[in-house]
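Colleague: Below are the sequence and a predicted model for it; my questions follow.
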Amino acid sequence: MVDPIPPEVKRIWVKWNIRGTILFSLFLQTLLVLVAPYRKSTRKKLLIMLIWSAYLLADAAANFTVGLISNSQGDDSKSGPKDNEDLLAFWAPFLLLHLGGPDTITAFALEDNELWLRHLLGLGFQAVAAVYVFVQSLPNKLWISVILMFVAGTIKYAERTRALYLASLDRFRDSMLKEPDPGPNYAKLMEEYASKRENKLPTQIIMIPEPDKEARATDVPVKEGELNDLEVVHYAYKYFLIFKGLVVDLIFSFRERNESREFFKKRKADDALRVIEVELNFIYEVLYTKVEVVHSTWGYIFRGIAFGSILAALGLFHFRTQKHEFNPFDVGITYTLLLGAIALDVIALLMLIFSDWTFAAIKDTDSNSGILAKIFSSFLWLRRPWWRDNKCKTTIPKPEEMPVEIDRHVLATPPKPEEMPVEFEIHHVLATPILFRRWSGSLSSYNLISYCLKSHTSRIHKFTRWPCVIAENITSFLHIDGCYRFVVGLIKTIMKAVIKFLSGVMCILTFSKHAVSEVITSLVNKLKQITGLHHIIKKISKLFSYIHRTMVGSMGLRDFLDGIIYVSREPLTKELWKFIFEELKTKADYADDPETAKRISAARGEWVLVDSDTKVDRSTLMQYVTDVQYDESLLLWHIATDLCYYTPGHKIVGKESFIYREFSKLLSDYMLYLLIMQPTMMSSVGGIGKIRFRDTCAEAERFFHRRGLLSRRENEAKACEAIRSVNTDVKPVTVKGDRSKSVLFDASMLAQELNKLEEDGLDKWKLLSRVWVELISYAASHCRANTHAQQVSKGGELITFIWLLMAHFGLGEQFQINEGHARAKLIVGK
């Protein structure tokens, strides 16, 4: 029998398998140490997939290498030269070190923490395997170094196991529970009361409120004004210790609610964002890294022992070992492993020193002396949100004209350019570099009409490309900015030419598609007439249909590709965050009692519609909020927002309405993204949202196909105009029944109602933007808490910030402990 693997390949594998896999394991550890911290601050799928692959391969590579080393003991043909058996035994503890993993990632997903018991068993088995390899190599010239590395590796693996255990949700919940509270001794009091009454003594029970010792902290006045960088970390850590119980659905007292509420009501939107992003960073590090294990007295002690053991092993190997007895290449690998372990520990130490946990432990907020304090303050300054001006092109029409264009979205056929005064609206986009940011600072957009037209959702704001900004500043400083602009312009021209060429190719392919399809169909029909081929073609057709169904449908490839092609990202703007903050702050002013707070957090549009900020009657809109499920309401308002977005205006609107229009568009597309692309997160409020979305898309695609609308971006306006042109005097459900869950033309009726109210004097875009804030705040407070915890490791979501902000404002159902104990006292009359 012919061996499929050539002997030369086998020889190479036998010689290099252990060496290659152990170096690969070290490479994976280095990759995770350097790259894993950025998964909380990016949404780029390629980087996330790289971290995920390295996380899964790291354990597999280490386990596989331990198996190769143990299998090679006593078998010279597999392990290479016999003199190197001592080195192989020395390498085995390094795999324990690698299995312990870096400080920057212990769990990729929240569910990984529940597997702590598996890692505990793995620790035992791998430690036994390392001991077995060591015993097999005795007598070993490196036995002291082997023991030292074994100690370091065991400590690192135990750290990871304990970090997973502490972050498992059951243990996380138990760690926050206070001592059992039986309350005042009711039985004893009533026995004494009954005894006094039996003796005919005039007795009564009076209640004396028990002094709340914890409430003394609230007597300290809330800080006014802007917070400095260190104060932001301190307050974030303080509220993290209180509100981390949200992750496991714990309840809180109204004392904690009032303290947090007063603090955030006196904050500006920018400061609130800074505090919340640091607070969420604490939650991320507790759940997904080793920080809680390392940042403790015992953590410092064991980390010092582990690092000292590695240094001692390096010293013994370098100064006390006769290295000429070993293979020089293997000696080089040993040095690589030792120096790599030390380098990774030094990097981990630096990350530990400059982590938010270290800054939270610094008590003196006014100390500015010393070089270390300056380094710390500079680093904190770099980690604050960076806001960068972004010019949004808007056109302000003349009185006799309508608004035509904003942010490069075409609304209708524009008037002549010379008749349109163009202005630039300055918005501030979040542009913190990835090295310093604590979350992605962006929100995703997904649009139903764009998806049905197979066109990409266009961005309203541009992301800041810091390499381009740096290059522009350098060339300006060197007075060669003209050359830089020429090169950039040339590149843009080339890219436009390439895109135009590809568009032309796509058009040619589109026009030729029907002709080619007809030719293929004709050829297949002729082949079917041949005896025997008809059955074969039928089977092949079924096979391809099954493969397509399996790959695209069952394996989730369609959703994955849709997420890449049709989901775009928008940077968060300061104006949008301020608008959301002020809306929630206004609601918090009304939420003085728990019932009102629950009512406000349960509102999903009706609170805004009944608000008396205008004299226009908005009762006709209530049916689109209160009479439908949340997912149906979301789709209705999403499509209606698009229809209004591309509707020619009938009234003169100012810059403020343009800003509200932008807010509505951003939040509308973001909420559809959450409903369709984050179904797990929206499962508690999503209902049959995906079924409604698919039915609506099917009806929209059929309608657009009948109207001959092509997949071009400018046809979004034409598509919306075509939808609006359909007569809706009779409700769609009356004509179609309720089998199809499509809401396409119901949304058209909603858009028409909004346009009518705008004619009556309603600020349509302000109302829409406020409704969207209410819809997103409803989802934020009703999503399962662990889904918010999952998102902090995936770049973070705006809805998670809103969830935590609502909790700080006291909006929600988490506050159920009203008062403390009362001290009962028996009073015996004379």
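Modeller: Structure received. Numbers count the residues shown, from 1 in each chain.

Colleague: Find me the pLDDT at Phe90, would you?
Modeller: Confidence at Phe90, expressed as pLDDT, is 92.

Colleague: Then Ser612?
Modeller: 60.

Colleague: Residue numbering should commence at 58 henceforth.
Modeller: Sure, I'll start numbering at 58, so the last one becomes Ser669.

Colleague: Can you give me the neighbour number for Leu692?
Modeller: If you count neighbours by other C-beta atoms under 10 Å, Leu692 ends up with 28. C-beta coordinates here come from the backbone N, C-alpha and C atoms, glycine included.

Colleague: Helix, strand, or coil at it?
Modeller: helix (DSSP: H, G, I helix; E, B strand; the rest coil).

Colleague: Can you tell me the SS state at Asp786?
Modeller: Per three-state DSSP, Asp786 ends up coil.

Colleague: any idea how far it lies from Phe802?
Modeller: Shown here: Asp786 relative to Phe802, a distance of 11 Å by C-beta to C-beta, to the nearest Å.

Colleague: who has more neighbours, these two?
Modeller: When Asp786 and Phe802 are compared for neighbours, Phe802 comes out ahead with 24 against 5, by other C-beta under 10 Å.

Colleague: Tell me who's in contact with Val682.
Modeller: By C-beta atoms under 8 Å, 6 or more residues apart in numbering, the contact list for Val682 reads 661-663, 666, 690, 828.

Colleague: closest to Ser434 among those?
Modeller: When the contacts of Val682 are ranked by distance to Ser434 (C-beta to C-beta), Val828 comes first, at 42.6 Å.

Colleague: where's the closest one, which helix or strand?
Modeller: Under the criterion of DSSP states H and E, Val828 resides in helix 821-839.

Colleague: packing partners for that helix?
Modeller: On a contact count with 3 or more C-beta pairs under 8 Å, 6 or more residues apart in numbering; DSSP states H and E, helix 821-839 meets helix 631-647, helix 651-659, helix 663-666, helix 687-702, helix 712-734, helix 740-743, helix 801-816, helix 855-865.

Colleague: Dump those into JSON lines; add distance to Phe359 and mean pLDDT as well.
Modeller: Formatted as JSON lines, the helices and strands packed on helix 821-839 follow (distance: least, C-beta to C-beta, whole Å; pLDDT from 0 to 100):
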{"stretch": "helix 631-647", "distance to Phe359": "42", "mean pLDDT": "93"}
{"stretch": "helix 651-659", "distance to Phe359": "44", "mean pLDDT": "84"}
{"stretch": "helix 663-666", "distance to Phe359": "53", "mean pLDDT": "88"}
{"stretch": "helix 687-702", "distance to Phe359": "49", "mean pLDDT": "94"}
{"stretch": "helix 712-734", "distance to Phe359": "42", "mean pLDDT": "91"}
{"stretch": "helix 740-743", "distance to Phe359": "41", "mean pLDDT": "86"}
{"stretch": "helix 801-816", "distance to Phe359": "60", "mean pLDDT": "91"}
{"stretch": "helix 855-865", "distance to Phe359": "33", "mean pLDDT": "94"}
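
Colleague: just to revisit the earlier point, quick one: average confidence on the helix holding Val828?
Modeller: 93.

Colleague: And for stretch 614-625?
Modeller: pLDDT averaged over stretch 614-625 gives 80.

Colleague: isn't Cys540 right up against Glu529?
Modeller: No - if you go by C-beta atoms under 8 Å, Cys540 and Glu529 don't touch, sitting 11.6 Å apart.

Colleague: Which one of those two is surrounded by more residues?
Modeller: Glu529 (15 against 11).

Colleague: Report the contact partners of the more buried one.
Modeller: Going by C-beta under 8 Å, 6+ apart, Glu529 touches 538, 541.

Colleague: can you give me the strands for the stretch 408-557 of the chain?
Modeller: Here the stretch 408-557 of the chain has its strands, by DSSP state E, counting those that start in this stretch, at 444-452, 462-463, 466-467, 479-487, 499-502.

Colleague: Please apply the same query to the stretch 208-357 of the chain.
Modeller: 260-266, 309-310.

Colleague: Can you tell me which helices and strands the longest one packs against?
Modeller: Looking back up the chat, that one is strand 260-266. For strand 260-266, the packing partners by 3+ C-beta pairs under 8 Å, 6+ apart come out as helix 243-255, strand 879-885.

Colleague: Which one of these has the poorest average confidence?
Modeller: When I compare the helices and strands packed on strand 260-266, strand 879-885 is least confident, with a mean of 67.

Colleague: Next, give phi and psi for Leu394.
Modeller: phi -70, psi -40 (degrees, to the nearest 10).

Colleague: Just give the number of residues close to it.
Modeller: Neighbours around Leu394, by other C-beta under 10 Å: 25.

Colleague: got the contact list for it?
Modeller: Applying C-beta under 8 Å, 6+ apart, the residues near Leu394 are 79, 83, 148, 151.
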